[in-house]
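Asks: just the structure for this:
(2 chains, ligands or ions: 1)
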Amino acid sequence: MIRLGKRPASARPPQPDAIVIGASAGGVEAISVLLTALPARFDIPVFVVQHLPRERPSLLADIFTPRCARPVCEAADKEPVARGTVYFAPPDYHLLVDRSDDGPLLSLSSDEPVCFARPSIDVLFEAAADVYAEGLLGIVLSGANEDGSDGLAAVLAAGGRGWVQRPAEASSSLMPASALARCPQAEVLGLADMAARLAGMPAGSSRKV
Amino acid sequence: MSDTRISGRVADIELQLLIEAIYLKYHYDFREYAGASIKRRLTTAMDRFGCKTLSQLQDRVLHEPAMFPALLEFLTVQVSEMFRDPSYFLSIREQVVPLLRTYPSLKFWVAGCSAGEEVYSLAILLHEEGLLERSLIYATDINAHALQRAEAGVYDIERIAGFTANHQRSGARTSLSEYYTAAYGRAIFDKAFRKHIVFSDHSLATDSVFAEVQFVSCRNVLIYFNRELQDRAIGLFHEALCHKGFLGLGAKESLRFSAYAERFDEIARVDRLFQKRSPA
Ligand SMILES: C[S@@+](CC[C@H](N)C(=O)[O-])C[C@H]1O[C@@H](n2cnc3c(N)ncnc32)[C@H](O)[C@@H]1O
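Replies: Presented below is the predicted three-dimensional model:
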């Protein structure tokens, strides 16, 4: 059976149930500012696509694990989503979120690259928007391509919220600028503000989806 | 980029009905595929066929004979390459081939073989290791068009540079160019391989085991299934494998969340090679 989600016409929860982050050129430094700000009590799952060369194994989880108060790992196929855990998309695979009877699961795919990218930010954001709807926060950071614009539009269309790194502050401004052009209703924020807001999100707020 | 998006409760209902309609009319069973990725591919198909809703697509799939084969190209992902993840093939040479040498005759099953890239990679490896003469490879897929292409063994010449680089990194003992002839922008692989390969339509979702084999390679197929269907497929592999037979999965696939995890030993972690455990 394809899993059908219950989709109550509920209002947006005060805090997100899940967070998706997309970044490309200049993204690792930006992601670092956000992830190192997460406090030990942080209990919202975070899914991250950072564009990387496809041939090499990703070291992102290894790099961030010792610097983060929360567990950081590379997403595995059909892994149940755990609260307060940071998941990086593996190189050369798209990362998606699926529903199951036991709650959200991670899913990988080796479909064609989207806009030359695999993992694609759009693919992650669109799948997560479908599962988390108004409970999703999408964050677009530094990058030199337009991946993430359609994805952020999907997040907002599903009732979720969107933050975009202030393009002038990003080391590559094209990606955040494109996201803003596509989604003018998203909030423009500097990294420090994003980090402070994430750090202030109360524990126990994220609902079970 | 298109604006087609299928989301919301109604789209979920339409999706389930479309998948059910395909099953009832064509007996292709996508009911236990991972939902997010199938939704994404159907969105692309809707764009391509100019359908505004999944219900429109369902109408056409049921009433226009040419539609289903066309839609199947969207429902099944054909992304592949020869010697994909070269270290997988290197690990086969190092960890599996020495044990395979002890068998007088060998059978392999490449499940979800797409257009044959993985099958020819395995055949070339076996040839290089001196095992091809005693080997038979079953190559199966549900996409008939892909199977035809696999049988033809013809690939765009632009892909050969990538295939060659992968082959070299897989512990190659020969040059890939020994195995194909180039003509009119295409590379045609040696027909001699075909004596050792049986191409066949077989679904991991609905069909059963057809032979006993020493090695199953099923790469980048299970990720498209939900956990229940993954377990069905792994169950088939377990049943098909001989005592101490080998199973190879895709670079990001594992037995971690499978009911069969305890029935295999991991023999190469990164390269995803497993060996069937003897019953306790
Ligand atoms: C992404 S390709 C993988 C090709 C190759 N194994 C590789 O790793 O490069 C996935 C293949 O699985 C096939 N497939 C999908 N569902 C299947 C099923 N139920 N049974 C057998 N093959 C299936 C598709 O038609 C496609 O050819």
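Asks: any idea how far B:Glu20 is from the ligand?
Replies: 16 Å (C-beta to the nearest ligand atom, to the nearest Å). For every residue, glycine as well, the C-beta is placed using N, CA and C.
Asks: show me the helices in the stretch 51-200 of chain B, by range?
Replies: B:54-63, B:67-75, B:86-91, B:97-100, B:117-128, B:144-152, B:160-169 (DSSP state H, counting those that start in this stretch).
Asks: same question but for chain A, I mixed them up
Replies: Counting by DSSP state H, one finds helices in chain A at the ranges A:27-35, A:60-64, A:121-132, A:149-157, A:174-182, A:191-199.
Asks: hang on, the earlier thing: which of the helices of the stretch 51-200 of chain B sits most buried?
Replies: Most buried of these, by mean neighbour count (mean count of other C-beta atoms under 10 Å in any protein chain shown): helix B:117-128, with a mean of 25.
Asks: burial of the residue lying closest to B:Glu212 once chain neighbours are set aside, as a residue count?
Replies: In space, and not counting its chain neighbours, B:Glu212 is closest to B:Cys242: 5.4 Å by C-beta to C-beta, 6 or more residues apart in numbering or on different chains. Counted by other C-beta atoms under 10 Å in any protein chain shown, the residues lying close to B:Cys242 total 13.
Asks: for the ligand, which of the helices of chain A is the nearest?
Replies: The ligand sits nearest to helix A:121-132 of all those, at 15.1 Å, using C-beta to the nearest ligand atom.
Asks: need the pLDDT of residue 157.
Replies: With no chain named, the answer covers chain A. pLDDT, A:Ala157: 95.
Asks: wait, I meant chain B there
Replies: In this prediction, B:Ile157 carries a pLDDT score of 97.
Asks: residue contacts, it?
Replies: Counting by C-beta atoms under 8 Å, 6 or more residues apart in numbering or on different chains, B:Ile157 makes contact with B:Ala182, B:Gly185, B:Arg186, B:Ala187.
Asks: can you list phi and psi of the second one for me?
Replies: B:Gly185 adopts backbone torsions of phi 70, psi 10, taken as degrees, to the nearest 10.
Asks: setting aside sequence neighbours, what's the nearest residue to it?
Replies: Leaving aside its sequence neighbours, B:Gly185 sits nearest to B:Ile157 (C-beta to C-beta, 6+ apart; 5.1 Å).
Asks: re earlier: want to try JSON lines for the helices of the stretch 51-200 of chain B, with mean pLDDT and distance to chain A as columns?
Replies: Formatted as JSON lines, the helices of the stretch 51-200 of chain B follow (pLDDT from 0 to 100; distance: least, C-beta to the nearest C-beta, whole Å):
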{"stretch": "helix B:54-63", "mean pLDDT": "97", "distance to chain A": "12"}
{"stretch": "helix B:67-75", "mean pLDDT": "96", "distance to chain A": "10"}
{"stretch": "helix B:86-91", "mean pLDDT": "98", "distance to chain A": "10"}
{"stretch": "helix B:97-100", "mean pLDDT": "98", "distance to chain A": "24"}
{"stretch": "helix B:117-128", "mean pLDDT": "98", "distance to chain A": "12"}
{"stretch": "helix B:144-152", "mean pLDDT": "97", "distance to chain A": "15"}
{"stretch": "helix B:160-169", "mean pLDDT": "98", "distance to chain A": "9"}
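Asks: nearest to A:Phe116, of those helices?
Replies: Between A:Phe116 and the helices of the stretch 51-200 of chain B, the shortest gap by C-beta to C-beta is with helix B:160-169, which sits at 15.6 Å.
Asks: what about the residue in the stretch 1-150 of chain B positioned nearest to chain A, neighbour count?
Replies: Closest approach of the stretch 1-150 of chain B to chain A (C-beta to the nearest C-beta) occurs at B:Ala36, with a separation of 4.1 Å. By other C-beta under 10 Å, 26 other residues sit near B:Ala36.
Asks: need phi/psi at it.
Replies: In this entry, B:Ala36 is assigned phi and psi values of phi -60, psi -40 (degrees, to the nearest 10).
Asks: make sure it is actually in contact with A:Phe125.
Replies: No: between B:Ala36 and A:Phe125 there is no contact, the gap being 11.6 Å when judged by C-beta atoms under 8 Å.
Asks: strands of the chain, residue ranges please.
Replies: Just so you know, I chose chain A. Taking DSSP state E as the criterion, chain A carries its strands at A:18-23, A:46-50, A:72-74, A:86-88, A:94-98, A:105-109, A:136-140, A:161-165, A:187-189.
Asks: should've been chain B
Replies: Shown for chain B, the strands assigned by DSSP E span residues B:106-111, B:135-141, B:154-156, B:180-183, B:186-189, B:197-201, B:213-218, B:241-249, B:264-268, B:273-276.
Asks: can I get those in TSV including distance to the ligand?
Replies: Output for the strands of chain B, formatted as TSV (distance: least, C-beta to the nearest ligand atom, whole Å):
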stretch	distance to the ligand
strand B:106-111	6
strand B:135-141	5
strand B:154-156	13
strand B:180-183	18
strand B:186-189	16
strand B:197-201	9
strand B:213-218	7
strand B:241-249	9
strand B:264-268	16
strand B:273-276	14
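Asks: the ones you listed into CSV, with extra columns for distance to A:Met194?
Replies: Output for those, formatted as CSV (distance: least, C-beta to C-beta, whole Å):
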stretch, distance to A:Met194
strand B:106-111, 45
strand B:135-141, 46
strand B:154-156, 45
strand B:180-183, 53
strand B:186-189, 50
strand B:197-201, 52
strand B:213-218, 42
strand B:241-249, 38
strand B:264-268, 40
strand B:273-276, 42
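Asks: got the contact list for the residue nearest to B:Glu212?
Replies: With contacts defined as C-beta under 8 Å, 6+ apart, B:Cys242 is in contact with B:Glu212, B:Val213, B:Gln214, B:Lys276.
Asks: where's the first one relative to B:Tyr103, distance?
Replies: Using C-beta to C-beta, to the nearest Å, B:Glu212 is found at 12 Å from B:Tyr103.
Asks: low pLDDT regions in the chain?
Replies: No chain was given, so I picked chain A. A:1-10, A:204-209 (pLDDT under 70).
Asks: ah, I was thinking of chain B
Replies: Within chain B, the stretches with pLDDT under 70 are B:1-6, B:280.
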